[in-house]
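Participant: Next one to model:
(chains A and B)
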Protein chains: 2
Amino acid sequence: MRDLHIIKIGGNIIDDPEELNSFLHQFTEVRGPKILVHGGGKLATSMSAKLGIPVNMIEGRRITDPETLKVVTMVYAGWINKSITAKLNALNCEAIGLSGADVFCLPAHKRENSQVDFGLVGDIEEQKINTSFLASLIEKGLCIVLAPITADANGQLLNTNADTIAAALAKALSPEYSTNLIYCFEKNGVQRELEDERSLISTLDFSNYVRLKDNGNIAGGMIPKLDNAFAAARSGATVKIGHARYIHQLTDQYHNAGTTISI
Amino acid sequence: MRDLHIIKIGGNIIDDPEELNSFLHQFTEVRGPKILVHGGGKLATSMSAKLGIPVNMIEGRRITDPETLKVVTMVYAGWINKSITAKLNALNCEAIGLSGADVFCLPAHKRENSQVDFGLVGDIEEQKINTSFLASLIEKGLCIVLAPITADANGQLLNTNADTIAAALAKALSPEYSTNLIYCFEKNGVQRELEDERSLISTLDFSNYVRLKDNGNIAGGMIPKLDNAFAAARSGATVKIGHARYIHQLTDQYHNAGTTISI
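Facilitator: Reported below is the predicted structural model:
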């Protein structure tokens, strides 16, 4: 099976033009089929503020009312997605910018049965992911750039977590490719101590994860990220978490950068 | 050769949710391969106003400074493009929302040598349009939904006239398809008298166009639209201009709705 790299970049990389530029240069040098999933960053928050739309967050997650949905669709699927795609094409990495609404490639439904009503937030229907369409683009040699917006069967757009999209893609495409899921962010990986860079965990297994979560050393947004990471690893993906700056090492099986998820 | 319908809808249709909804229903019933090119509408203007970005218009055309480019990319390639694409997919019309920056399908360059500096506005490099990529999507049965944003070879996004995009596509795809270009807007077609609906011109040839332009009966935004229409017709496309409500008749060769361009 061919290798497929599914690389997710977080908001802090996107917010820093120099960091993003340097990341994109390195990204184009990753060999073979690849998908780039991007998050949103602070632009959606600042855009909401300028438009006078109050930002409601619960447990670090944005509540998506109809006005907020418009802002995140504009920022994620419009500005960020097309800016990245145009830059990749200029770097001779042939790229196509999509959302989950395109060709209904990531069917989703509004999150139900949650204790909190997150509003227009989508949960992906993983069994229905249009893998044949995505694989057809990959086989054409295209790099897919995915914005974290999906749609339901009624055409309602939904705000969807980018980490979850990346993991869902790694799972859905694992029968066809040897999938490598890489979460890139502004830290070197998962750390035993939140503030101590030297406490990087090079390999994290599930029992260790549960222990670090129980004692509070892994908290906040890292929990859903790692839940996604373990779910993808269980489906057969190789999963690493590390700094966007080390994308070369993270995508090279002979290097040991970042944190590798072990099941 | 197979027929290909390239249908452009204007801003006034997009601004009216009911009108847009009704148009999209009818659009899905147009048989065979089709491309939908959409303009922007007032949302970009109102979004600019809310964000405190002054709108500069010269001769009915927007001057695109970097902040305005961000707004139009967000509104056109983000909100409008994904809303339309999600709705078409919900209506079982398999659709993919793209901009000219995707797969660099509509290569462009910043407009030069103009008496007015329109800012970040793109002129399409018609000879370089990626027709093989577009045709490959069409041959998969996909409806391409195109936002009027392009990019140059350096990855600079550019605001681009939607009428011009539609005409450029009709020209570029005419060696492979029997292209039908249809400009849909909120009027029944080209009128001899601007305010008199009964003065609809059913067939407009170039000498008539020049005369009506000279005596001021055709003016404003209609002039670049008709220049585009005649350019496409000269390349072999069938070109009609009419009301979005009559898309059935406009796409049916046995009906005589709207204005047909004659060369």
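Participant: Let me know the next secondary structure element after the worst-scoring helix or strand of chain A on mean pLDDT.
Facilitator: Sorting the helices and strands of chain A by mean pLDDT, DSSP states H and E puts strand A:61-62 at the bottom, at a mean of 70. As assigned by DSSP states H and E, the chain's next helix or strand after strand A:61-62 is helix A:66-72.
Participant: Report the distance from that following helix to the chain centre.
Facilitator: Between the centre of helix A:66-72 and the centre of its chain there are 19 Å (C-alpha atoms, centre = their mean, to the nearest Å).
Participant: What is the subsequent helix or strand relative to that helix?
Facilitator: Assigned by DSSP H and E, the successor of helix A:66-72 is helix A:81-90.
Participant: which residue sits closest to the residue of chain A found nearest chain B, ignoring its sequence neighbours?
Facilitator: Of all residues in chain A, A:G78 sits closest to chain B, at 2.2 Å by C-beta to the nearest C-beta. (Each C-beta comes from the backbone N, C-alpha and C, glycine too.) Spatial nearest neighbour of A:G78, chain neighbours left out: B:G78 (2.2 Å); criterion: C-beta to C-beta, 6 or more residues apart in numbering or on different chains.
Participant: and if you look at A:G236?
Facilitator: Distance criterion C-beta to C-beta, 6+ apart; nearest residue to A:G236, sequence neighbours excluded, is A:S174 at 4.6 Å.
Participant: which SS class is that neighbour?
Facilitator: coil (DSSP: H, G, I helix; E, B strand; the rest coil).
Participant: Any figure for the gap between it and A:N180?
Facilitator: Between A:S174 and A:N180 the computed distance is 10 Å (C-beta to C-beta, to the nearest Å).
Participant: anything in contact with each of the two?
Facilitator: A:A237 (C-beta atoms under 8 Å, 6 or more residues apart in numbering or on different chains).
Participant: neighbour count winner among those two?
Facilitator: Between A:S174 and A:N180, counting by other C-beta atoms under 10 Å in any protein chain shown, A:N180 is the more crowded of the two (22 against 19).
Participant: what helix or strand does A:K240 sit in?
Facilitator: Per DSSP H and E, A:K240 falls inside strand A:238-243.
Participant: The helix or strand just after that strand packs against which elements?
Facilitator: Beyond strand A:238-243 on the C-terminal side, the first helix or strand identified by DSSP H and E is helix A:247-250. Applying 3 or more C-beta pairs under 8 Å, 6 or more residues apart in numbering or on different chains; DSSP states H and E, one finds that helix A:247-250 contacts helix A:17-28, strand A:178-185, strand A:238-243.
Participant: Tell me what angle the last one forms with helix A:17-28.
Facilitator: What that stands for is strand A:238-243. 150 degrees (axes from the mean of the first three to the mean of the last three C-alpha atoms, to 10 degrees).
Participant: Show residues contacting strand A:238-243.
Facilitator: Applying C-beta under 8 Å, 6+ apart, the contact partners of strand A:238-243 are A:170, A:178-190, A:225-226, A:229-230, A:232-233, A:249-250, A:253, A:257-261.
Participant: same thing but 7 Å
Facilitator: With contacts defined as C-beta atoms under 7 Å, 6 or more residues apart in numbering or on different chains, strand A:238-243 is touched by A:180-184, A:186-190, A:229, A:232-233, A:250, A:257-261.
Participant: Among those, the buried ones, what's the PyMOL command?
Facilitator: Here is the PyMOL command that selects the buried residues among those (16 or more other C-beta atoms under 10 Å in any protein chain shown):
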select buried, chain A and resi 180+181+182+183+184+187+188+189+190+229+232+233+250+257+258+259+260+261
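Participant: Pull out the buried residues from stretch A:160-175.
Facilitator: Within stretch A:160-175, judged by 16+ other C-beta under 10 Å, the buried ones are A:160-174.
Participant: In space, what's closest to A:E176 - neighbours in sequence excluded?
Facilitator: Nearest to A:E176 is A:A135, by C-beta to C-beta, 6+ apart, at 5.6 Å.
Participant: Dihedrals phi and psi, that neighbour?
Facilitator: Main-chain dihedrals, A:A135, degrees, to the nearest 10: phi -60, psi -30.
Participant: show me where chain A has strands.
Facilitator: With DSSP state E, the ranges of strands along chain A come out as A:3-9, A:34-38, A:57-58, A:61-62, A:95-99, A:108-110, A:122-124, A:143-147, A:149-151, A:157-159, A:178-185, A:203-205, A:238-243, A:259-262.
Participant: isn't A:F27 right next to A:I247, touching?
Facilitator: Yes - A:F27 lies in contact with A:I247 (C-beta atoms under 7 Å); the separation is 6.1 Å.
Participant: which neighbours do those two share?
Facilitator: Contacts common to A:F27 and A:I247, judged by C-beta under 7 Å, 6+ apart, are A:I7.
Participant: Make sure A:K225 is actually in contact with A:N161.
Facilitator: No - counting by C-beta under 7 Å, A:K225 stays clear of A:N161, with 9.2 Å between them.
Participant: pLDDT weak spots in the stretch 1-150 of chain A?
Facilitator: A:59-60 (pLDDT under 70).
Participant: Within range of chain B, give me the residues from it.
Facilitator: A:50-51, A:70, A:73-75, A:77-79, A:82-83, A:85-87, A:89-90, A:94, A:96-97, A:99, A:101-104, A:142, A:149 (C-beta under 7 Å from any C-beta of the partner chain).
Participant: Tell me the pLDDT of A:G221.
Facilitator: Per-residue pLDDT puts A:G221 at 85.
Participant: Other residues contacting stretch A:10-27?
Facilitator: Contacts for stretch A:10-27 (C-beta under 7 Å, 6+ apart): A:7, A:9, A:36, A:38-42, A:80, A:84, A:87-88, A:91, A:184-186, A:244, A:247-248.
Participant: Restricted to buried residues, select the residues you listed in PyMOL.
Facilitator: In PyMOL, this line selects whichever of the contacts of stretch A:10-27 come out buried by 16+ other C-beta under 10 Å:
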select buried, chain A and resi 7+9+36+38+39+40+41+80+84+87+88+91+184+185+244+247
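Participant: doesn't A:I149 make contact with A:T73?
Facilitator: Yes - at 5.3 Å, A:T73 counts as touching A:I149 under the criterion of C-beta under 7 Å.
Participant: quick one: common contacting residues for those two?
Facilitator: With contacts taken as C-beta under 7 Å, 6+ apart, A:T73 and A:I149 have A:157, B:82 as neighbours in common.
Participant: that older thread, of the strands of chain A, which stretch is the most buried?
Facilitator: Mean neighbour count, computed with mean count of other C-beta atoms under 10 Å in any protein chain shown, is highest for strand A:149-151 among the strands of chain A, reaching a mean of 30.
Participant: so what secondary structure elements neighbour that one?
Facilitator: Counting contacts by 3 or more C-beta pairs under 7 Å, 6 or more residues apart in numbering or on different chains; DSSP states H and E, strand A:149-151 packs against strand A:157-159, helix B:81-90.
Participant: Run the chain-centre distance for it.
Facilitator: Averaging C-alpha positions (C-alpha atoms, centre = their mean) puts strand A:149-151 14 Å from its chain's average.
Participant: residues making contact with it?
Facilitator: Strand A:149-151 is contacted from outside by A:72-73, A:76-77, A:99-101, A:104, A:106, A:108, A:122, A:124, A:157-160, B:82, B:86, B:89, using C-beta under 7 Å, 6+ apart.
Participant: residue contacts, the closest residue to A:N92 other than its chain neighbours?
Facilitator: Spatial nearest neighbour of A:N92, excluding adjacent residues (C-beta to C-beta, 6+ apart): A:T28 at 7.0 Å. By C-beta under 7 Å, 6+ apart, the contact set of A:T28 is A:88, A:91, A:93.
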